[in-house]
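>>> No letters, just coordinates:
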């Protein structure tokens, strides 16, 4: 069942309010999207602007398990004519990137279609802090042009920005970029309290091969009789694809042969098939440790990740919050969040 704040925001969006929702990772922002899609009425659709394909896939599967007709559209799926027809007529939720929402294909096939526009219940911008983090200069500049979607939707369709990290300057940028202030707005800050998480920051000792600093979380004794489930589910975050691969190689060397495939990389240079295999493996427990870049820094909703460990200093506190937020997402579970930093940071 939804918490009171979730039910309240769903109600306001259905009343036609724009919205800004700030809530810690793991508190259930996706339930807002799903609630609006489910309750908006027959024939309605909610668009969810999403930064990563992995996040799109994860959220679509999550919604489908609840009986919601959810789909994602991206460069891997846009040639499917049936998918476009489904979006135009029956889909209740559509996950897409800013680039897809502002693409010529989407404009010609859907935005110009009055039937599709009449189906719109709301437009959600998930992980809305990306407008601040990513929308500047040459890296995904269309994040800063999302206000142009109002020209297609009209001012009657609510826009809702959702994020776990929103400093004052980010809030001001969201307000401007999403053209808030011209219609009623409902904002809510649930806070970032996660009492089931333990936070620890310490010096990175093995700078030449950082993953060695995390070996102490593995079982003290590992033999041919060690079970896969004896290794805690972990997300290790590194700055580069090369560092991820080196960590995977190191971990596989210290594990017995039957456990080596329980360690897997995740980065933007991998194929979508490989990424999907990684998330599914971590979800079903066949994979126990994922060594990732920021490509896995948002939206992983696997409930039983025990450790989220960041190697070296990330770009900002919002990145720390997003990565640490992958641990302990089930409210009755415990998670350990570790930041390993250079000695000069102390």
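That came in fine, so what should we check first? Since this is a predicted model, take the numbers as computed values, not measurements. Residues are numbered from 1 along each chain as shown.
>>> so where is the stretch 151-300 of the chain shaky, pLDDT-wise?
Using pLDDT under 70 as the threshold, the predicted model of the stretch 151-300 of the chain has low-confidence ranges 296-300.
>>> where along it do the strands fall?
In chain order, the stretch 151-300 of the chain shows strands spanning 159-163, 185-191, 197-203, 234-237, 263-266, 289-292, with DSSP state E, counting those that start in this stretch as the criterion.
>>> out of these, which comes closest to residue 143?
Proximity of the strands of the stretch 151-300 of the chain to residue 143 was assessed by C-beta to C-beta; the nearest stretch is strand 159-163, lying at 11.5 Å. C-beta here means a position set from N, CA and C on the backbone, and glycine is covered the same way.
>>> what's that closest one packed up against?
Using 3 or more C-beta pairs under 8 Å, 6 or more residues apart in numbering; DSSP states H and E as the contact criterion, the secondary-structure elements in contact with strand 159-163 are strand 18-23, helix 30-39, strand 120-125.
>>> tilt between it and strand 185-191?
Here strand 159-163 points in a direction 10 degrees away from that of strand 185-191 (axes from the mean of the first three to the mean of the last three C-alpha atoms, to 10 degrees).
>>> strand partners of strand 159-163, parallel vs antiparallel please.
Strand 159-163 has the following strand partners under DSSP bridges: strand 18-23 (parallel), strand 120-125 (parallel).
>>> so how far is the last one off the chain centroid?
Centroid displacement of strand 120-125 relative to its chain, using C-alpha atoms, centre = their mean, to the nearest Å, is 17 Å.
>>> Also stretch 158-174?
Taking C-alpha atoms, centre = their mean, one finds the center of stretch 158-174 at 15 Å from the center of the full chain.
>>> cool, stretch 33-49 as well?
19 Å.
>>> got a list of contacts for it?
Stretch 33-49 is touched from outside by 2, 6-7, 10, 13-14, 59, 63, 66, 68, 70, 87, 91-98, 101, 116, 119-126, 146, 162, with contacts defined as C-beta atoms under 8 Å, 6 or more residues apart in numbering.
>>> repeat that with 6 Å
10, 13, 63, 68, 91-95, 98, 101, 119, 121-126 (C-beta atoms under 6 Å, 6 or more residues apart in numbering).
>>> coming back round to it: quick one, which of the helices and strands packed on strand 159-163 gets closest to residue 344.
Minimum separation from residue 344 across those (C-beta to C-beta) falls at strand 18-23, 32.2 Å.
>>> average pLDDT across the closest one?
Strand 18-23 comes out with an average pLDDT of 95.
>>> try stretch 91-110
In this model, stretch 91-110 has an average pLDDT of 95.
>>> tell me how far the ends of that stretch are from each other?
The straight-line separation of the ends of stretch 91-110 (C-alpha to C-alpha, to the nearest Å) is 13 Å.
>>> Which positions in it come out as buried?
Taking 16 or more other C-beta atoms under 10 Å as the basis for neighbour counts, the residues of stretch 91-110 that come out buried are 91-98, 100-103, 106, 109-110.
>>> hmm, back to that, pipe the strands of the stretch 151-300 of the chain into CSV and attach distance to residue 19 per row.
Formatted as CSV, these follow (distance: least, C-beta to C-beta, whole Å):
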stretch, distance to residue 19
strand 159-163, 4
strand 185-191, 5
strand 197-203, 26
strand 234-237, 30
strand 263-266, 31
strand 289-292, 31
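>>> wait, which of those strands is closest to residue 169?
Using C-beta to C-beta as the measure, strand 159-163 is the one of those that comes nearest residue 169, at 13.1 Å.
>>> orientation of the closest one relative to helix 30-39 in degrees?
Using the same axes, to 10 degrees, strand 159-163 lies at 150 degrees relative to helix 30-39.
>>> Please shift the residue numbers so they start at 272 in all later answers.
In the new numbering, first residue 272, that becomes strand 430-434.
>>> hmm, who's touching strand 430-434?
284, 289-292, 300, 394-397, 399-400, 445, 449.
>>> Quick one: name whatever helix or strand follows whatever helix or strand residue 330 lives in.
Applying DSSP states H and E as the criterion places residue 330 in helix 324-336. Using DSSP H and E, the helix or strand that follows helix 324-336 in sequence is strand 341-344.
>>> Could you list every helix and strand that that next one packs against?
For strand 341-344, the elements it packs on are helix 324-336, strand 364-367, judged by 3 or more C-beta pairs under 6 Å, 6 or more residues apart in numbering; DSSP states H and E.
>>> Great, nothing more from me.
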